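In: A structural model of the following input is requested.
(one chain, ligands or ions: 1)
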Amino acid sequence: MIYDDIIYSIAEGEAEETLELTKRALAQGYPADSILEKGLIAGMNSVADKFREQRVIIPEVLMATRAMHAGLSVLEPHLTTAPKRGFGKVVVGTVAGDLHDIGITLVKTMAMSIGIKVIDLGVDVTPKKFANAVRKEKPDFLMISALLTTTMSVMKDVIEELEAQGLRKNVIVMVGGAPVTEAFASEIGADYYFENSTEVRQFLEENLGKILASKKKSDKV
Ligand code: B12
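Out: Residues are numbered from 1 along each chain as shown. This next block holds a predicted model:
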């Protein structure tokens with residue numbers, strides 16, 4: 001089964017192989033979102049499990065990450081659509097001190113699949129850099145990711161920086177990442193927490209129109 005081959009190629013960190021298998025799966029007519037879920041994400045999850053059990057070391061995880069990104073680069077054009085006018089804008093990034101970007105890349109891809117315009121600040125983003133991007137880009141949403149218990153507090157710093165610069169009321173803040181919880185999100189004053197990229201997509205599909213309409217109204221007041 002091609003999904004098992006993709007999982008294996010990611011676990012082995014064979015980026016070239018993952019790329020070719022992903023192309024082959026598409027050519028054979030497998031849907032892009034299934035290849036993502038059952039191939040790439042399943043592969044990365046298997047590496048995550050092994051990392052937790054200390055059965056793989058960091059260089060191996062890095063190679064698996066490269067393989068995951070290689071597969072994702074093939075899938076991205078099939079999962080995303082060109083930004084559509086009136087579908088909103090989002091700024092995304094991973095907080096300062098944190099280099100994990102697979103999760104937020106998936107969240108970004110989901111937003112792009114709906115037609116939302118995405119500005120990606122990358123990893124290791126300071127609160128000031130987030131705030132500057134909000135000032136410059138005027139996004140409807142800010143999506144912040146943290147994967148480490150030691151960096152999740154930076155999310156609070158980002159929100160405080162937005163408040164200090166008078167930018168908080170203009171943007172809807174969403175937070176996520178493995179250690180983040182609903183309770184933590186509300187404690188730091190974020191607007192929304194979602195556990196995974198599928199939840200983000202579902203929420204946006206159901207609520208984007210309403211949210212943008214009410215934002216437009218309050219901008220006019
Ligand atoms: C890959 C990985 C790495 C790679 C990252 C490469 C990269 N480019 O991303 C490398 C090797 C660099 C790495 C390094 C480290 N890592 Co690491 N890493 C992982 C690993 C195995 C997988 C993470 C991942 O990509 N998961 C797959 C994606 C799809 O899932 P996800 O990130 O959770 O994202 C989903 C949701 O969380 C959510 N989401 C994520 N962001 C957002 C944002 C928003 C707005 C929303 C709504 C949702 C959302 O949606 C996503 C998609 O569904 C995890 C283990 C794990 N179980 O998470 C450890 C893990 C996160 N790492 C860990 C550690 C300790 C480290 C290091 C400190 C190790 C070291 N000793 O040096 C360094 C830190 C480096 C740094 N400063 O950031 C620990 C963290 C422990 C903790 N609680 O703090 C973990 C949990 C492993 C473990 N069990 O010990 N790591």
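In: where's the residue most central in space within the chain, which helix or strand?
Out: Nearest to the mean C-alpha position of the chain, by C-alpha atoms, centre = their mean, lies Ile104 at 1.9 Å. Using DSSP states H and E, Ile104 falls within helix 102-114.
In: That helix packs against which elements?
Out: helix 58-79, strand 89-94, strand 117-120, strand 141-145, strand 172-176, helix 197-220 (3 or more C-beta pairs under 8 Å, 6 or more residues apart in numbering; DSSP states H and E). In short, each C-beta sits where N, CA and C put it, glycine included.
In: tell me the angle it makes with strand 89-94.
Out: Using axes from the mean of the first three to the mean of the last three C-alpha atoms, to 10 degrees, one finds that helix 102-114 and strand 89-94 are set 170 degrees apart in direction.
In: For helix 102-114, output the C-alpha coordinates as PDB.
Out: The C-alpha trace of helix 102-114 is given here as PDB (Å, rounded to 0.1, in the frame of the first residue of the first chain):
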ATOM      1  CA  ILE A 102       5.500  21.100  10.800                       C
ATOM      2  CA  GLY A 103       2.300  21.700  12.700                       C
ATOM      3  CA  ILE A 104       1.900  25.400  11.800                       C
ATOM      4  CA  THR A 105       2.800  24.500   8.200                       C
ATOM      5  CA  LEU A 106      -0.200  22.200   8.100                       C
ATOM      6  CA  VAL A 107      -2.400  24.800   9.800                       C
ATOM      7  CA  LYS A 108      -1.200  27.300   7.100                       C
ATOM      8  CA  THR A 109      -2.000  24.900   4.300                       C
ATOM      9  CA  MET A 110      -5.500  24.400   5.700                       C
ATOM     10  CA  ALA A 111      -6.100  28.100   5.700                       C
ATOM     11  CA  MET A 112      -4.700  28.400   2.200                       C
ATOM     12  CA  SER A 113      -7.000  25.600   1.000                       C
ATOM     13  CA  ILE A 114     -10.000  27.800   1.800                       C
END
